[in-house]
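Visitor: Please find the sequence and the predicted model below.
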Amino acid sequence: MLNIDDTAPGFEALDQNNRGHKLEDYQGQWLLLYFYPKDNTPGCTKEACAMRNNYNSFDKINAKILGISTDSIKGHADFAKKYKLPFSLLSDTNKNISKNYNALGFNRRKSYLINPDGKIAKIYLKVKPEEHAQEVLADLSTMAK
């Protein structure tokens, strides 16, 4: 089980454009890792679109967003194109990232806010897809000062 102030588990995965991402790539920035069950499902689409609609607000405070699911790179590419998502979706087909972040099984919709030092600043266990982006931005407004 991960806790606040734990060092975030490292990861390495490809996004919808076959571009590699590692946790170290985001050192010195806030990072939201949001885990979701499946591309193109109602709740996941609402959550991704809410992140998209608030993307500029995240960008203004140097906070990056990575969506993660066990869907394929191609599935992510289609999903990102269809909804014009400006952030990366990581493909975790081997489920290693999801296992390390306890995001498998029944509760696959959860998020981790990682601070610029690579420590977990907040864990979101009960995510409401349409409200999550605003919830994280509200937390960042106090934490990122």
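Guide: Looks like it arrived, so ask away. Residues are numbered from 1 along each chain as shown.
Visitor: Give me the below-cutoff pLDDT ranges for the protein.
Guide: 106-107 (pLDDT under 70).
Visitor: hey, where'd the strands end up in it?
Guide: For the chain, the strands defined by DSSP state E cover 12-14, 20-22, 30-35, 63-69, 88-91, 110-114, 120-124.
Visitor: Adding mean neighbour count and distance to Y55, write those out as CSV.
Guide: (Glycine included, C-beta is placed from N, CA and C.) Formatted as CSV, the strands of the chain follow (neighbours: other C-beta atoms under 10 Å; distance: least, C-beta to C-beta, whole Å):
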stretch, mean neighbour count, distance to Y55
strand 12-14, 17, 20
strand 20-22, 13, 17
strand 30-35, 24, 11
strand 63-69, 24, 7
strand 88-91, 23, 12
strand 110-114, 22, 15
strand 120-124, 18, 18
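Visitor: so can I have TSV of the ones you listed showing distance to E130?
Guide: Output for the strands of the chain, formatted as TSV (distance: least, C-beta to C-beta, whole Å):
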stretch	distance to E130
strand 12-14	26
strand 20-22	26
strand 30-35	13
strand 63-69	15
strand 88-91	18
strand 110-114	14
strand 120-124	14
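Visitor: so which of those strands gets nearest R52?
Guide: Evaluated with C-beta to C-beta, these place strand 63-69 nearest to R52, the distance being 9.1 Å.
Visitor: Which strands and helices lie in contact with the closest one?
Guide: On a contact count with 3 or more C-beta pairs under 8 Å, 6 or more residues apart in numbering; DSSP states H and E, strand 63-69 meets strand 30-35, helix 42-53, helix 55-60, strand 88-91.
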